[in-house]
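*Asks:* need a structure here:
(one chain, ligands or ions: 1)
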Amino acid sequence: MLLVMQITFNLRHLEKKSLHLEGEISGADLDLNEMDELVQVLGPVKYDLSIERLSERLLVRGELVFTLDCECIRCLKPFRKAFELSDWTCDLPLEGEEQVAVNNDSVDLTPFIREDILLGFPQYPLCESECRGLPKAPQNQSQAGSDASQTGELSSAWAELNKLKF
Ligand SMILES: [Zn+2]
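*Replies:* Numbers count the residues shown, from 1 in each chain. Predicted structure coming up:
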């Protein structure tokens, strides 16, 4: 069985005072690494959260720190972008249509954290805003070079065949 880590807390621990949750979860456990070809979370997501119960809702506040491992959409260069969401909040109603799922008094924060990190994924990841993409001349040259050598090999192979035929 695959054990997936979750960020959960028990509602009963919240009755009189606020709760503090601190730790790390991997991008894989947040199921964030199959979502985008150009953006992944290869390192841990560090969280430091406090949870308060306000009558019929839960207020989660705190910090999420993580790094996105991106690939530039223009030049394909890998680059990393660090995020520090120092004022992350999540409002979870305990009643009504938007009611948060409670399982044996336990609330799973993982999907909310996942969703907000996912919303922050750049749609067009760029290594720098001025990135001009792959330098054209060297790219064409190297492509032409490899094409030529392949053609060269091919044509010599054909030449050998032709020699055999005739
Ligand atoms: Zn780039």
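*Asks:* alongside the ion, which residues does this protein contribute?
*Replies:* Taking C-beta under 5 Å from the ion as the contact definition, the chain meets the ion at 72, 74-75, 77, 127, 131. (C-beta placed from N, C-alpha, C; glycine too.)
*Asks:* same thing but at 6 Å, please
*Replies:* Residues of the chain that fall close to the ion, judged by C-beta under 6 Å from the ion: 72, 74-75, 77, 126-127, 131.
*Asks:* could I get those as JSON lines with pLDDT and neighbour count?
*Replies:* Output for these, formatted as JSON lines (pLDDT from 0 to 100; neighbours: other C-beta atoms under 10 Å):
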{"residue": "Cys72", "pLDDT": "96", "neighbour count": "18"}
{"residue": "Arg74", "pLDDT": "94", "neighbour count": "14"}
{"residue": "Cys75", "pLDDT": "95", "neighbour count": "16"}
{"residue": "Lys77", "pLDDT": "95", "neighbour count": "14"}
{"residue": "Leu126", "pLDDT": "95", "neighbour count": "16"}
{"residue": "Cys127", "pLDDT": "95", "neighbour count": "18"}
{"residue": "Cys131", "pLDDT": "94", "neighbour count": "15"}
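*Asks:* now those residues in TSV, with secondary structure?
*Replies:* Converted to TSV, those look like this (DSSP: H, G, I helix; E, B strand; the rest coil):
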residue	secondary structure
Cys72	coil
Arg74	coil
Cys75	coil
Lys77	coil
Leu126	coil
Cys127	coil
Cys131	coil
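*Asks:* pick out the most distant pair among those.
*Replies:* Lys77 and Leu126 (9.7 Å; C-beta to C-beta).
*Asks:* could you list the low-pLDDT ranges of the protein?
*Replies:* For the chain, the stretches with pLDDT under 70 are 1-4, 136-166.
*Asks:* quick one, domains of it?
*Replies:* The record assigns the chain these domain ranges, following automatic domain parsing: 8-119, 135-166.
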